[in-house]
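Peer 1: Pasting a predicted model and its sequence here:
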2 protein chains.
Amino acid sequence: MKTLNIGLCGSGNVGLSFIDVIHSNREKILKKYGIELNISVIGVRKGKIENKDFAGEIEKDILKVPLRDDVDVVVELIGGTDVSFELAMNALKNNKHFVTANKALMATKGKALYLEASKRNLHIGLEASVAGGIPIIRTLRDGLISNDVNWFAGILNGTSNFIFSKMKSEKKSFSDSLKLAQELGFAESDPSFDINGTDAAQKTSILSLISFAADISASDVYFEGIEHIDSQDMEYGEQLGFILKPISIGRNSSSGISMGSFPAFIKKEEILASINNESNAVEINTKNLNSTAFSGPGAGGYPTACSVLNDILDIGQGKIFDYSKLLNKQKVLDFNSYISSRYLKIMIKDEMGAVADVSSLIAKKKLSIDNLIQKDQDKDNELVPLVIVLGASQEKIVQELIEDLSKLAIVEGNVKHIRIFSP
Amino acid sequence: MKTLNIGLCGSGNVGLSFIDVIHSNREKILKKYGIELNISVIGVRKGKIENKDFAGEIEKDILKVPLRDDVDVVVELIGGTDVSFELAMNALKNNKHFVTANKALMATKGKALYLEASKRNLHIGLEASVAGGIPIIRTLRDGLISNDVNWFAGILNGTSNFIFSKMKSEKKSFSDSLKLAQELGFAESDPSFDINGTDAAQKTSILSLISFAADISASDVYFEGIEHIDSQDMEYGEQLGFILKPISIGRNSSSGISMGSFPAFIKKEEILASINNESNAVEINTKNLNSTAFSGPGAGGYPTACSVLNDILDIGQGKIFDYSKLLNKQKVLDFNSYISSRYLKIMIKDEMGAVADVSSLIAKKKLSIDNLIQKDQDKDNELVPLVIVLGASQEKIVQELIEDLSKLAIVEGNVKHIRIFSP
């Protein structure tokens, strides 16, 4: 038998679930793995722990948790990137393993931590940081070892997926859907990072680092928020056989790695189209396996706590993985070179020759039109929505086209642009 | 650096893919894991190896492969359950780890092997035996450690899924779909075990053993083949919002473990409904995670070879799992107690009171009718198909009902019965 002492930092929803999961699985784990898990101390900056299952010590100065002799593993569930980074470094420098659910920390400051851990043969467990309840990190790291990853595509932000799902299935507005997500606990009171794409981009960078064995951080990932989506686009997309999803992609080709997180249309028949509400999913395409897909809860106290526990059990079994070996310098492509089909919605004045003006600009850019539908005129004004599906086209050229289209006299307001993702 | 010598037995499609995968990943693995992989010998009963990447020895008596000093791991890719069992036992008794893609072996004779491996602290790698390219075994074993599995539901037989997919999408007959599957290499020349449910039931028993930590073997699993399915049932099901899939389920409740493999209707919106052609998928419902799902290729040379390689890399990294710890005696429920909704199709004579006769028999069994549709009369005869959807009902009572229905004078031929699976 082996005892593993845990120093838990943070006592929010995930922290409390973690205490509960440890408590209710202690015996089973002892029996199955011969590992006794023990939370020796909980670091809580303010307030106190109201948990009958925890009788250990409380430490108000969480930075002291890693200094204790009765801690083998530091579990960080406080969030943020400043104190959490200091905590992580303290842990590693004091020869403690480090387990976290903090994607922002790992996506922005992971490299320094991986290098420090490597020096001391310590494990960093970050399964909970991406797609909470889906064992995606270990799958990419272990299960697909021998498979070169060509690309992955995922729904990594549960809040955005929840909002899109409600807009679609219950015809709710964006803001009503967001409000409901907040009421149900699927969105923070300040949901900016979920809505503006930051969260998904951070997770994309973590998956890319592991998938492509590349030294990548959050700032390498292009991202776009979901605030500009309205139900009309969703409806028009559906009529074309598409479902709108918050998509994150990473692709490795001979010319470099391309990454992005943005709202995108995908074909109804695709697996990712069937992932609804707050669920997450990741589809992985590899050289030898073609596509495999994984779906499940993306967040929540218990799923996240279980991923943390699984990382701790890895440590207990001596499964130490050195992520620093993955930090290879690789070329990251400018998102301007990204190629996909596109949905454009242009509000045009109902005038003779308007469609011809638009089409000729598209032709000038040497882009192909897969579909062009002139919708019924809006009751409120004299504008007609023109929906255009462009064939495979490069980001840069499409952005130039959009600028040119906006300048046309017959075009009013912004041109709406939604990428169409096809695996 | 550490060298791991492999004794490969079998040189079919998977065996050749394995040689190729080892060859093309050798350097990457050495760099990433510090493990040098080497195929020292290939056991081939007949013929010879035509592979430029293999320069080692050939052994005609495969049972001698485990006896060699230059073998650390025996990889069994010969199939069957007799010679392969002897080979496995030889391997373990000579202190060699054992890796296999053989579900029949593990489902019928796994227990003896797990116990032998446990005595000697050896690893048995069987990732490739279920859902070839999906890392489902390691996910259940490691990734979901801390989650009690409530149930799993999967599409585990690629041949059956391929046949159903072609019957649906291309309106092909059962036998034409089977023929196509054989032409494309998705079905054996003798496809009996795929078609009659044996293959899926074996895989179900393996997943159940690991999911529920229960001493279960293939004979504990109820199974039914797909031969009796015709396109008419598929079409009627579709009109009701269902897709027909070859489903395998395992469920753990306080009263015991229930398992089965059979064709079943599932709602169009379910993830499993979107898994087409030869693909496999497994959905897992656990106490803390709700549902997670995994999909990917179920067989094929490269996916299977990669799973074998991943098992070998586990061994190289000292990740030895003792499956014998999972062999707990648990109650297995008789399939007669299985509860689900049901689709029944009854061919009745177009006579006054016929529907009333049928309905009153159902009422007598205290079963509820969720839907009853009388279809148009067959052109060829005077029979009318009557489609009935029964609400949640017990297997035993439904079987009695079917027997009673068959005896009615207005009923012709067999009553068609397809279970409706809802997670």
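Peer 2: Arrived safely, thanks for sending. Computed from a predicted model, the values in this text were never measured in an experiment.
Peer 1: burial count for residue A:119?
Peer 2: Neighbour count of residue A:119, defined by other C-beta atoms under 10 Å in any protein chain shown: 11. For every residue, glycine as well, the C-beta is placed using N, CA and C.
Peer 1: Report the secondary structure state of residue A:232.
Peer 2: helix (DSSP: H, G, I helix; E, B strand; the rest coil).
Peer 1: Name all residues that make contact with it.
Peer 2: By C-beta atoms under 8 Å, 6 or more residues apart in numbering or on different chains, the contact list for residue A:232 reads A:345, A:385.
Peer 1: Model confidence at it, what's the number?
Peer 2: The predicted structure scores residue A:232 at 92 on the pLDDT scale.
Peer 1: Give me the distance between it and chain B.
Peer 2: 24 Å (C-beta to the nearest C-beta, to the nearest Å).
Peer 1: Same question for residue A:5.
Peer 2: Distance of residue A:5 to chain B, given as C-beta to the nearest C-beta: 18 Å.
Peer 1: Does that residue belong to a helix, a strand or coil?
Peer 2: Taking three-state DSSP, the label given to residue A:5 is strand.
Peer 1: before we move on, what about residue A:161?
Peer 2: helix.
Peer 1: Burial check on it, number of neighbours?
Peer 2: With other C-beta under 10 Å as criterion, residue A:161 counts 28.
Peer 1: so where is chain A shaky, pLDDT-wise?
Peer 2: A:143-147, A:378-380 (pLDDT under 70).
Peer 1: now the helices for it?
Peer 2: A:13-33, A:83-93, A:103-119, A:136-138, A:158-169, A:174-183, A:192-195, A:198-212, A:231-239, A:301-316, A:354-364, A:395-407 (DSSP state H).
Peer 1: Now do the second one against helix A:103-119, angle only.
Peer 2: To tie it back to what came earlier, the one meant is helix A:83-93. Angle of helix A:83-93 versus helix A:103-119, following axes from the mean of the first three to the mean of the last three C-alpha atoms, to 10 degrees, is 20 degrees.
Peer 1: Helix A:83-93: which residues count as buried?
Peer 2: A:83, A:84, A:85, A:87, A:88, A:89, A:90, A:91, A:92 (16 or more other C-beta atoms under 10 Å in any protein chain shown).
Peer 1: can you redo these as TSV with distance to chain B?
Peer 2: Output for the buried residues of helix A:83-93, formatted as TSV (distance: C-beta to the nearest C-beta, whole Å):
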residue	distance to chain B
A:83	27
A:84	23
A:85	27
A:87	24
A:88	23
A:89	26
A:90	27
A:91	22
A:92	22
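Peer 1: can you list the residues of the stretch 201-350 of chain A near chain B?
Peer 2: Residues of the stretch 201-350 of chain A lying close to chain B (C-beta under 8 Å from any C-beta of the partner chain) are A:213, A:269-271, A:274-275, A:288-297, A:302-303, A:305-306, A:309-310, A:313-314, A:317-319, A:325.
Peer 1: Show the buried residues in those.
Peer 2: By 16+ other C-beta under 10 Å, those give A:213, A:270-271, A:274-275, A:288-297, A:302-303, A:305-306, A:309-310, A:313-314, A:317, A:319 as buried.
Peer 1: Residue B:297 is in contact with residue A:288, correct?
Peer 2: No - contact between residue A:288 and residue B:297 fails when scored by C-beta atoms under 8 Å: they sit 9.1 Å apart.
Peer 1: shared neighbours, these two?
Peer 2: Shared contacts of residue A:288 and residue B:297, counting by C-beta under 8 Å, 6+ apart, come down to B:133, B:303.
Peer 1: Count the neighbours of residue A:350 for me.
Peer 2: 13.
Peer 1: From residue A:412, how far out is it?
Peer 2: Using C-beta to C-beta, to the nearest Å, residue A:350 is found at 11 Å from residue A:412.
Peer 1: Would you mind listing the residues touching both of these two?
Peer 2: The contact lists of residue A:350 and residue A:412 share residue A:383, where a contact means C-beta under 8 Å, 6+ apart.
Peer 1: Now, the residues of the stretch 201-350 of chain A next to chain B that are in strands?
Peer 2: A:290, A:291, A:292, A:293, A:294, A:295, A:296, A:297 (DSSP state E).
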